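*Asks:* Here's my sequence, what's the structure:
(chains A, B, C and D)
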There are 2 protein chains.
Amino acid sequence: MTSFTEENYLKIIYKLSAETGSEVSTNAVAELTLTKAASVSDMLRKLSEKQLVNYQKYQGVRLTELGEAVALKVIRKHRLWEVFLVEKLGFNWDEVHEIAEQLEHIDSEELVERLDEFLGFPKFDPHGDPIPDTFGVMPELRYQNLSEIAVGQHVVMVGVSEHSPTFLQYLAKIGLTLGCHIVVKELNEFDKSLCVSLGEAPSLFISHEVAKNLLVKSIKN
Amino acid sequence: MTSFTEENYLKIIYKLSAETGSEVSTNAVAELTLTKAASVSDMLRKLSEKQLVNYQKYQGVRLTELGEAVALKVIRKHRLWEVFLVEKLGFNWDEVHEIAEQLEHIDSEELVERLDEFLGFPKFDPHGDPIPDTFGVMPELRYQNLSEIAVGQHVVMVGVSEHSPTFLQYLAKIGLTLGCHIVVKELNEFDKSLCVSLGEAPSLFISHEVAKNLLVKSIKN
DNA sequence: ATATTTTTTTAGATTAATCTAAAATTTATT
DNA sequence: AATAAATTTTAGATTAATCTAAAAAAATAT
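*Replies:* Numbers count the residues shown, from 1 in each chain, chains lettered A, B, ... in the order given. Predicted coordinates for the structure are as follows:
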């Protein structure tokens, strides 16, 4: 029905679309599929004929409901296999992606359901990413506040619970953006302020007041 | 290195070659790959260029050592995955072939070795077929005599331990051929003779003397 | 031993997925 | 708003795996 290649395109369009919330550009897809824009154009026309995407020339692409269902099935398989590789076969969480990229295309509904059961119906993969259920429904994400994170932990910023412009402008000014990686370096006992590092940049001080309003996702290490 | 398709050809050539012991014909390969002879000719030329087979036009094909090593790796993976599907996921032994046909092409040495360990280094798959080790070495086959088989068991005839023409002619006469499926229906206590059935054919009486000389492989059910 | 049949190979097309180079469209800049 | 720059699409090729139809070789039967 859908080829290995088509499934990869759908998965990538799903991910890009989830990030931006709007149409996905040809170039963005080309970058992740490791192909050229010309190849992407061809494939988008084909996926469009198959009713898997809505595609208007020069206007970017979006998944149809059908396309999203297919993408979610692939993502479900990918993440379940990652759990299997880590929990059952003892791989490290950073060694499993490439293998799961292959396993995600194995075609058998029965296999997926039995694997899910064998693994105890996990809700998150070893990277903390949520595993869609049979119907494509994602589990609730269990984000934490940065203020709850222990020293030494590595997290990704996934949102804020305070939405005032002042607060958001402040975040932009100190370099805290959605998706940035944060390592908690130090916790000051007296005022609960944090010293954190952001990738290469010099360390940053964050007050408890600010930390309470930052939603983060922890990254296993 | 070797594509999905090439691996399937090598696997099929291995199996045909193991049965006949000599060169494999183009048509025989075409039948099992579900393609036409013309396609097989093309592929044999290609596999020959890659040093995976020895192929002389019109003279049939044989695996090289390299080709056999690749085929055995695929067979190893196929049979290990079948054990996984039956032992861990609870599939019936007759439901797993199609899924294993896909899983056998997943490319990761590390995965195969860890799977083998996870399964407890099984020597035979759920159909009783031997699983080659990492180096492509098949375990000793543990055939049984028909006389040792319990009532209700389903076996396949794989050989004889008496090779006299009289005996072999007798077998042919009563319809016992290599590869035929036998179900043990009844055991007569007083002379240890058996009543067995062979597929659709009417039941057959076999003396203990004959049963002792029939090598069979049991089939899990 | 010749003719017929069967098997196998070659020649020429087809499909899926990709590419490069050129043309078309959209976005950004003066 | 006109032009320049960037993005996207089309046109035309390429590669892997397959096909049909025709030619060549081998096996079989008279």
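
*Asks:* Quick one: residues contacting residue A:81.
*Replies:* A:96, A:99-100, A:103-104, A:115 (Cβ atoms under 8 Å, 6 or more residues apart in numbering or on different chains). C-betas here are computed from N, CA, C, even on glycine.

*Asks:* Can you point out the buried residues in stretch A:189-202?
*Replies:* Within stretch A:189-202, the residues that count as buried by 16 or more other Cβ atoms under 10 Å in any protein chain shown are A:193-194, A:196-198.

*Asks:* Now do the end-to-end distance for it.
*Replies:* In stretch A:189-202, first residue to last residue: 22 Å (Cα to Cα, to the nearest Å).

*Asks:* chain center to it: distance?
*Replies:* 25 Å (Cα atoms, centre = their mean, to the nearest Å).

*Asks:* Then stretch A:127-143?
*Replies:* Worked out by Cα atoms, centre = their mean, stretch A:127-143 lies 10 Å from the chain centre.

*Asks:* What would that stretch look like as CSV? C-alpha coordinates only.
*Replies:* Taking C-alpha atoms only, stretch A:127-143 is exported to CSV below (Å, rounded to 0.1, in the frame of the first residue of the first chain):
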residue,chain,number,x,y,z
HIS,A,127,14.1,9.2,24.7
GLY,A,128,10.9,10.2,26.6
ASP,A,129,8.9,10.6,23.4
PRO,A,130,5.2,9.6,23.6
ILE,A,131,4.1,6.4,21.9
PRO,A,132,0.7,6.7,20.0
ASP,A,133,-1.8,4.0,20.8
THR,A,134,-3.5,1.8,18.1
PHE,A,135,-5.8,4.6,17.2
GLY,A,136,-3.0,7.1,16.8
VAL,A,137,-3.7,8.9,20.1
MET,A,138,-0.7,10.2,21.9
PRO,A,139,-0.5,9.8,25.7
GLU,A,140,-0.6,12.9,27.9
LEU,A,141,2.9,14.4,28.1
ARG,A,142,4.2,14.6,31.6
TYR,A,143,6.3,17.8,31.5
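
*Asks:* Leaving out the residues flanking it, which one is nearest to the residue nearest the centre of chain A?
*Replies:* When Cα atoms, centre = their mean is applied to chain A, the residue found nearest the centroid is residue A:129 (6.2 Å). The shortest distance from residue A:129 to any non-neighbouring residue, by Cβ to Cβ, 6 or more residues apart in numbering or on different chains, is to residue A:79 (6.1 Å).

*Asks:* ok so, going back, ok, the buried residues of stretch A:189-202 vs residue A:53, which is closest?
*Replies:* Ranked by distance to residue A:53 (Cβ to Cβ), the buried residues of stretch A:189-202 are led by residue A:198 at 35.7 Å.

*Asks:* Am I right that that closest one is in contact with residue A:177?
*Replies:* No. Applying Cβ atoms under 8 Å as the test, residue A:198 and residue A:177 come out as separate, 9.2 Å apart.

*Asks:* Could I get the full set of helices for chain A?
*Replies:* Remark: helices assigned in chain A by DSSP state H are A:4-20, A:26-33, A:37-49, A:65-83, A:97-103, A:109-118, A:165-174, A:208-211.

*Asks:* list the contacts for residue A:26?
*Replies:* So, once contact is read as Cβ under 8 Å, 6+ apart, residue A:26 ends up touching A:37, A:40-41, A:44, A:60-61.

*Asks:* Would you mind giving me the ChimeraX syntax to select the buried ones in those residues?
*Replies:* The ChimeraX command for the buried members of the contacts of residue A:26 (criterion: 16+ other Cβ under 10 Å) is given here:
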select /A:40,41,44,60,61
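
*Asks:* Residues of chain A that sit close to chain B?
*Replies:* Proximity of chain A to chain B is confined to A:85, A:88-91, A:95, A:98-99, A:102-103, A:106-108, A:110-111, A:114-115, A:118 under the rule Cβ under 8 Å from any Cβ of the partner chain.

*Asks:* 10 Å - rerun?
*Replies:* Chain A comes close to chain B at residues A:4, A:81, A:84-85, A:88-91, A:95-96, A:98-99, A:102-103, A:105-108, A:110-111, A:113-115, A:117-118, as judged by Cβ under 10 Å from any Cβ of the partner chain.

*Asks:* Of the residues you listed, which qualify as buried by neighbour count?
*Replies:* For these, buried by 16+ other Cβ under 10 Å: A:81, A:84-85, A:88-89, A:91, A:96, A:99, A:102-103, A:105-106, A:108, A:111, A:114-115, A:118.

*Asks:* DNA strand C next: which of the residues you listed are close?
*Replies:* By Cβ under 7 Å from any atom of the strand, no member of those lies near DNA strand C.

*Asks:* Can you tell me which of the helices of chain A is most buried?
*Replies:* helix A:65-83 (a mean of 21; mean count of other Cβ atoms under 10 Å in any protein chain shown).

*Asks:* Can you show me the CA trace of that helix as CSV?
*Replies:* The C-alpha coordinates for helix A:65-83 follow below in CSV (Å, rounded to 0.1, in the frame of the first residue of the first chain):
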residue,chain,number,x,y,z
GLU,A,65,-6.2,12.5,8.0
LEU,A,66,-5.3,9.4,6.1
GLY,A,67,-1.6,10.5,5.8
GLU,A,68,-1.4,11.4,9.5
ALA,A,69,-2.8,8.0,10.5
VAL,A,70,-0.1,6.3,8.4
ALA,A,71,2.6,8.5,9.9
LEU,A,72,1.4,7.8,13.4
LYS,A,73,1.5,4.1,12.8
VAL,A,74,5.1,4.3,11.7
ILE,A,75,6.0,6.5,14.7
ARG,A,76,4.2,4.0,17.0
LYS,A,77,6.2,1.1,15.6
HIS,A,78,9.5,3.1,15.7
ARG,A,79,9.0,3.9,19.4
LEU,A,80,7.8,0.5,20.4
TRP,A,81,10.8,-1.1,18.8
GLU,A,82,13.1,1.3,20.6
VAL,A,83,11.6,0.2,23.9
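
*Asks:* Lovely, talk soon.
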